[in-house]
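Asker: with the sequence up front, the predicted model follows.
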Amino acid sequence: MTLTLIGSPYSRTVRTLWMVKELGIPYENIDVKPGPEGSRTPEHLKINPNGHVPVIDDDGLILWESLAINLYLARKHGGPLAPANISEEGQILQWTLWAVWELEPHAQAVMSHGKTLAEDQRDVAILARSQASVEGALAVLNGALTKSGGHLVGNRFTVSDLNVASCLYFLRFAPEMMDKHPAVRAFYDASKARPHAKAAFALRGD
Ligand SMILES: N[C@@H](CCC(=O)N[C@@H](CS)C(=O)NCC(=O)O)C(=O)O
């Protein structure tokens, strides 16, 4: 059975498009857009009651949460992106949960309150707090990457690199924040330069 990946490339679905391309597995993408016309329709709420994309249907297994989907696909299909042993699995989980908690919400707030929200909805106090949190997270990431030599786990590109780089993508409107952290900048640029990353992000014109 072909994996069905539900969600528009103009959403966090791009993370899983990147993942399936790295794995080289067959998939079908159904372009459901975020919001009332797509992810909030009664039909979509049946498969993701959160009203969000992405969702996968893998031979009847329905899963949501982009980074969890990526972890699942790595474990299922194996190869260099997947954990090679329990110690790598622990580290991959650590970095993925770190990205979700310590980086993503703050980086998303930097994007929205610094750039993408209408000007009358931007809040300078939220922006300043979020920038401080992102700065702290980037310092941690920079330290880890400097020590490890460029990859987070196992001296190779794994699903943890893909998940963390996917969250750094929110900082594309604040490039100066990554520029202050050379190991993060090099990690992000190298991740985004991978052919399968380019192919996935090209689906949204990036
Ligand atoms: N933590 C979830 C977040 C999913 C999410 O917020 N998706 C957005 C698009 S990037 C969405 O579907 N928004 C539509 C809505 O909230 O109505 C994940 O990583 O999959």
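Answerer: Arrived safely. Since the structure is predicted, the reported quantities are computational estimates derived from the model, not experimental observations.

Asker: neighbours around Arg75, how many?
Answerer: Arg75: 14 surrounding residues under other C-beta atoms under 10 Å. Heads up, the C-betas are built off the backbone N, CA and C, glycines and all.

Asker: what about it, helix or strand, and which?
Answerer: Assigned by DSSP states H and E, Arg75 belongs to helix 66-77.

Asker: give me the residues contacting the helix or strand following that helix.
Answerer: The helix or strand immediately downstream of helix 66-77 is helix 86-98, counting by DSSP H and E. Contacts to helix 86-98, defined as C-beta atoms under 8 Å, 6 or more residues apart in numbering, come from residues 67, 70-71, 74, 83, 137, 140, 152-154, 158-160, 163-164.

Asker: now the buried members of the residues you listed.
Answerer: Neighbour-count burial within those applies to 67, 70-71, 74, 83, 137, 152-154, 158-160, 163-164; the criterion is 16 or more other C-beta atoms under 10 Å.

Asker: ok, so of those residues, who is nearest Glu28?
Answerer: Using C-beta to C-beta, Asn70 comes nearest to Glu28 of the buried ones among the contacts of helix 86-98, at 17.6 Å.

Asker: before we move on, the earlier item: got JSON lines for the buried ones among the contacts of helix 86-98, with pLDDT and distance to Ser8 too?
Answerer: JSON lines is the format used below for these (pLDDT from 0 to 100; distance: C-beta to C-beta, whole Å):
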{"residue": "Leu67", "pLDDT": "98", "distance to Ser8": "17"}
{"residue": "Asn70", "pLDDT": "99", "distance to Ser8": "17"}
{"residue": "Leu71", "pLDDT": "98", "distance to Ser8": "22"}
{"residue": "Ala74", "pLDDT": "98", "distance to Ser8": "23"}
{"residue": "Pro83", "pLDDT": "98", "distance to Ser8": "29"}
{"residue": "Ala137", "pLDDT": "98", "distance to Ser8": "27"}
{"residue": "Leu152", "pLDDT": "98", "distance to Ser8": "28"}
{"residue": "Val153", "pLDDT": "98", "distance to Ser8": "30"}
{"residue": "Gly154", "pLDDT": "98", "distance to Ser8": "32"}
{"residue": "Thr158", "pLDDT": "98", "distance to Ser8": "26"}
{"residue": "Val159", "pLDDT": "98", "distance to Ser8": "22"}
{"residue": "Ser160", "pLDDT": "98", "distance to Ser8": "25"}
{"residue": "Asn163", "pLDDT": "98", "distance to Ser8": "19"}
{"residue": "Val164", "pLDDT": "99", "distance to Ser8": "22"}
